[in-house]
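Colleague: Next comes the sequence, and after it the predicted model I'd like to discuss.
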Amino acid sequence: MSEAGTYTVEDGIGIIMIDSPPVNALGFKTRVALDEGFRKFAADDSVQAIVLICGGRTFFAGADISEFGKPPQGPGLHEVFNIIENGAKPVVAAIHGTALGGGYELALICHYRIAVPSAKVGLPEVNLGLLPGAGGTQRLPRIVGVEKALEIVTTGAPVPARKALDMGMIDALAEEDRLKDDAVAFARTMLDKPLVRVRDRQDKVAPSRGHPEIYADFLKKNARAFRGFKAPFNIVKAIEASAEIEDFDKGLAREAELFQELVASTESAAQRYYFFAERETSKVPDVPAATPTIPVKTVGVIGAGTMGGGITMNFLNIGVPVTLVEMKQEALDRGIAVIRRNYENTVAKGRMTAEQVEQRMALITPALGLDALAEADLVIEAVFEEIGVKQQVFGQLDTICKPGAILASNTSFLDLDAIAAATSRPEWVIGLHFFSPANVMRLLEVVRGEKTAIEVIATAMKLARQIGKVPVLAGVCHGFIANRIMSPRGRQADALILEGPTPAEVDKALYDYGFAMGPFQMIDLVGLDVIGRDEIERSVRGDLVKIDRLGQKKNGGYYDYDEKRNATPSPVAAELIADFARYKGINSSGSLPAEEIVARLLYPVVNEGAKVLEEGIAIRASDIDVAAILGYNWPVYTGGPMFWADTIGLPKIIAGLEAIGIEPAALLRTMATEGKTFTRG
Ligand code: 3H9
């Protein structure tokens, strides 16, 4: 018995049981245990076949991501895989939980795969900016064919067991709680059969040989989804090699070459960093993991508008009843109708059944007035963003809600402490800042007030995960983390178009950086009157609104639009911008290279991130990156603003800020002087 493995024999069938918590990643310890187990059973004449099974919550979750970039230790993955594949005895992988990445590649090395119905298998390396580098790109096409393999590996989506069985990704289903016994029985039935190795199969790949158009078409069809990433392109090349290169070992060599290219890339380093960053957000230094949480069995949501409706859906989706409160019947009816319509759209896409819609809708209790919230465990307020209104609501909640209820505000900018002060129980008040659309966006900023109790924080962090969000803890300040750090980008964009670059040039620079759209395209999309309504001073946006240019919805905005909503640069907007620049006394100095536009717009975001960190609003730099990536679609392959700043170098960021007259944050200066980085220690 090694540290992570136990080896037993049941009537001629050797059972290798690996248990390496939390997820049986194929790290050093696990590889040693596998190596030992397979060598032992190869040498044991009483063993006729081998079952490979895992303890704990899952089959192998893949290579140990934390080992990438470090010197290799102990037996390598390929070495262990060779022993298994070249052994003379049939090996059955017995899968529960998830067999992912190197974990599923290990299952593909085995001669047979059996899984419980709740299991999932897949190759999610693409999400880490990698490709399956332990033979997955060569073996999977040999089972499912090139076309399906392209889809499975470039999306990285895990495939449920039943579907995997239909496709041949597994060979049999076991009963849910009889995996080991069923696997042993299955192994017995294979004793007399000739050993089939996936590597020797040609039938599924041969028909695709000599058809380069398969890959060209696939890339064309997915151009939008793959933009900016490196991994999907290497994956496509590797899968093409599985068909084109008949010699399996040469195909493997091609895979290794393409894998190495990715491992060494900044994109993959950023995505691997992000993998851990997303999981790290739940760890709050002064809220220990053992902090008791408050059971949340019923939720109240105040406001049935877009925000309140979206928030409500999150709880309905996990079966928690919601009392939805409005002040007027029409508003309530409208809000509930929108929720129903959203669900029905999901049904139309085949992702939900009509029955599930009814189950969810039945969990809503519509109510007029706050009195209906007396028994709710958690109340989330999503009313008009105005401090007086919020304070009034919280003052009332204080008198209505039961003791021990969590009172949450969905404010995006306001002072949570001032809201909490309207109650006699500020320890129970917290911010739950959802991003719109609240049923879709994965970021949830959990805002901690000066007096918020740690049990309330622990409950919010846990609940966030239950509703499928990634919680990022923020302190109280104007805009919290995501909105605050991103606001300088908008200010710089507004200033820049007065100096020469056009809105189209600014948007293109950010699009090419990796954002889904630039700030002016975004404003035109949501409507200039929506974003520009608070503006007091004269501005380009205000001037556009004055002449009734409201964006895509009316007369165009920064761009003109044809009837299909295709944008073209607007001469009217250009004239108006030039006029405003004259009014401000700014002379145009012409367009700028994209790199300078990006620096001008995004270095100030890094600077604001540094301030958020030095003020203690964010606990760690990686939380800021998670907030930017999930809240603003900052391209994940750059790692977010703070990781990106580290790749550029902090001295260069400081110089860039000074060049545009922005004072670098003190933290930025000290870190640069001390040669430190935000995300790499
Ligand atoms: C690969 O296989 C490359 C090969 O093709 C080629 C090699 C040559 N490594 O997510 P959770 C940690 S690349 C190290 O909260 P869940 C995780 O950080 C790999 N650590 O649990 C967390 O730590 P902590 C391809 C890992 O139940 C803890 O385990 N595989 C790894 O919600 C619990 O994780 C993947 O991309 C890992 N591979 O979900 C699969 N995986 O507790 C990645 C997890 O300290 N993993 N940890 O915060 C997952 O998708 C999920 O973790 C899984 C469980 C679905 C398995």
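Modeller: Received the coordinates, thanks. The structure presented is a predicted model; accordingly, all values stated were derived computationally and were not measured.
Colleague: Skip ahead from the helix or strand of the chain with the lowest mean pLDDT and say which helix or strand is next.
Modeller: Of all helical and strand segments in the chain, the minimum by mean pLDDT, DSSP states H and E falls on helix 528-532, at a mean of 71. Downstream of helix 528-532, the next assigned helix or strand under DSSP states H and E is helix 540-546.
Colleague: and that next one, what does it pack onto?
Modeller: helix 528-532, helix 571-584 (3 or more Cβ pairs under 8 Å, 6 or more residues apart in numbering; DSSP states H and E). For the C-beta atoms, the positions are set from N, CA and C on the backbone; glycine is no exception.
Colleague: Find the nearest non-adjacent residue to the residue of the stretch 301-450 of the chain at minimum distance from the ligand, please.
Modeller: Of all residues in the stretch 301-450 of the chain, Arg442 sits closest to the ligand, at 13.9 Å by Cβ to the nearest ligand atom. Leaving out its chain neighbours, the residue that sits closest to Arg442 by Cβ to Cβ, 6 or more residues apart in numbering is Leu630, at 4.9 Å.
Colleague: same thing with His433?
Modeller: That would be Glu445: by Cβ to Cβ, 6+ apart, it lies 3.9 Å from His433.
Colleague: Give me the phi and psi for that neighbour.
Modeller: phi -80, psi 120 (degrees, to the nearest 10).
Colleague: From the opening residue of stretch 379-398 to its closing one, how far?
Modeller: Length of stretch 379-398, first residue to last, Cα to Cα, to the nearest Å: 11 Å.
Colleague: and Gly681, what pLDDT?
Modeller: At Gly681, the pLDDT value in this model is 69.
Colleague: coming back round to it: mind checking the pLDDT average for the helix or strand encompassing the residue nearest to Arg442?
Modeller: In the assignment (DSSP H and E), Leu630 maps to helix 621-632. When pLDDT is averaged over helix 621-632, the result is 98.
Colleague: how distant is the helix or strand following that helix from the center of its chain?
Modeller: Counting by DSSP H and E, the next helix or strand C-terminal to helix 621-632 is helix 641-648. Computed by Cα atoms, centre = their mean, to the nearest Å, the chain-centroid distance of helix 641-648 equals 19 Å.
Colleague: Span of stretch 217-233 from start to end?
Modeller: Terminal-residue distance, stretch 217-233 (Cα to Cα): 13 Å.
Colleague: and this structure, which residues reach the ligand?
Modeller: By Cβ under 6 Å from any ligand atom, the residues of the chain that approach the ligand are 22-23, 25, 58, 61-66, 77, 98, 100-102, 105, 124-125, 128, 130, 132-134, 136, 276, 279.
Colleague: Out of those, which sit inside helices?
Modeller: 77, 102, 105, 136, 276, 279 (DSSP state H).
Colleague: Packing partners of the helix holding Leu630?
Modeller: helix 266-280, strand 443-447, strand 470-474, helix 482-496, helix 594-614, helix 641-648.
Colleague: export the fifth one as PDB, just CAs?
Modeller: Just to be clear, that refers to helix 594-614. In PDB, the C-alpha atoms belonging to helix 594-614 read as follows (Å, rounded to 0.1, in the frame of the first residue of the first chain):
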ATOM      1  CA  ALA A 594      -4.000  50.700 -30.800                       C
ATOM      2  CA  GLU A 595      -1.400  49.800 -28.200                       C
ATOM      3  CA  GLU A 596      -1.400  53.400 -26.900                       C
ATOM      4  CA  ILE A 597      -5.200  53.500 -26.900                       C
ATOM      5  CA  VAL A 598      -5.200  50.300 -24.800                       C
ATOM      6  CA  ALA A 599      -2.600  51.700 -22.400                       C
ATOM      7  CA  ARG A 600      -4.500  54.900 -22.100                       C
ATOM      8  CA  LEU A 601      -7.800  53.200 -21.200                       C
ATOM      9  CA  LEU A 602      -6.600  50.200 -19.200                       C
ATOM     10  CA  TYR A 603      -3.500  51.400 -17.200                       C
ATOM     11  CA  PRO A 604      -5.900  53.600 -15.200                       C
ATOM     12  CA  VAL A 605      -8.000  50.500 -14.400                       C
ATOM     13  CA  VAL A 606      -4.900  48.800 -13.000                       C
ATOM     14  CA  ASN A 607      -4.200  51.900 -11.000                       C
ATOM     15  CA  GLU A 608      -7.700  51.900  -9.600                       C
ATOM     16  CA  GLY A 609      -7.300  48.200  -8.800                       C
ATOM     17  CA  ALA A 610      -4.100  49.000  -6.800                       C
ATOM     18  CA  LYS A 611      -6.100  51.600  -4.800                       C
ATOM     19  CA  VAL A 612      -8.900  49.100  -4.200                       C
ATOM     20  CA  LEU A 613      -6.200  46.800  -2.800                       C
ATOM     21  CA  GLU A 614      -4.400  49.400  -0.700                       C
END
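Colleague: could you say what helices and strands it packs with?
Modeller: helix 482-496, helix 503-513, helix 621-632, helix 641-648, helix 650-659, helix 666-673.
Colleague: how big is the angle separating it from helix 641-648?
Modeller: Interaxial angle, helix 594-614 versus helix 641-648 (axes from the mean of the first three to the mean of the last three Cα atoms, to 10 degrees): 120 degrees.
Colleague: what's near enough to touch the closest residue to the ligand within the stretch 501-650 of the chain?
Modeller: Relative to the ligand, the nearest point of the stretch 501-650 of the chain is Ser622 (12.2 Å; Cβ to the nearest ligand atom). Ser622 makes contact with 273, 276-277, 280-281, 640, 642-643, 679 under the criterion Cβ atoms under 8 Å, 6 or more residues apart in numbering.
Colleague: Just the buried ones from these, in ChimeraX syntax?
Modeller: Here is the ChimeraX command that selects the buried residues among these (16 or more other Cβ atoms under 10 Å):
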select :273,277,281,640,642,643,679
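Colleague: how about the strands in the stretch 301-450 of the chain?
Modeller: Here the stretch 301-450 of the chain has its strands, by DSSP state E, counting those that start in this stretch, at 322-326, 364-368, 378-381, 406-409, 429-434, 443-447.
Colleague: between these, which one is nearest to Ala618?
Modeller: strand 443-447 (9.9 Å; Cβ to Cβ).
Colleague: from the chain's centre, how far out does the closest one sit?
Modeller: On Cα atoms, centre = their mean, the centre of strand 443-447 falls 15 Å from that of its chain.
Colleague: Kindly report the same for stretch 239-246.
Modeller: 31 Å.
Colleague: For the residue nearest to Gly631 when sequence neighbours are not counted, give its distance to Ala88.
Modeller: Once flanking residues are discounted, Gly631 sits nearest to Ala482: 3.6 Å by Cβ to Cβ, 6+ apart. Using Cβ to Cβ, to the nearest Å, we find Ala482 at a distance of 57 Å from Ala88.
Colleague: so how far is Ala474 from the closest residue to Ala277 other than its chain neighbours?
Modeller: Nearest in space to Ala277, with sequence neighbours left out and distances taken as Cβ to Cβ, 6+ apart, is Ser622 at 3.7 Å. With distances taken as Cβ to Cβ, Ser622 is found 14 Å from Ala474.
Colleague: before we move on, what about Leu432?
Modeller: On the measure of Cβ to Cβ, Leu432 and Ala474 end up 11 Å apart.
Colleague: next one: phi and psi at Glu3?
Modeller: Main-chain dihedrals, Glu3, degrees, to the nearest 10: phi -60, psi -40.
Colleague: for the one 3 residues further on, same thing?
Modeller: Thr6 adopts backbone torsions of phi -120, psi 140, taken as degrees, to the nearest 10.
Colleague: That one and Met17 touch, don't they?
Modeller: Yes. Using Cβ atoms under 8 Å, Thr6 is in contact with Met17, at 4.8 Å.
Colleague: so who does the residue nearest to Asn483 when sequence neighbours are not counted touch?
Modeller: Among residues not flanking Asn483 along the chain, Ser412 sits closest, at 5.8 Å (Cβ to Cβ, 6+ apart). Neighbouring residues of Ser412 by Cβ under 8 Å, 6+ apart: 385, 433, 479-480, 483.
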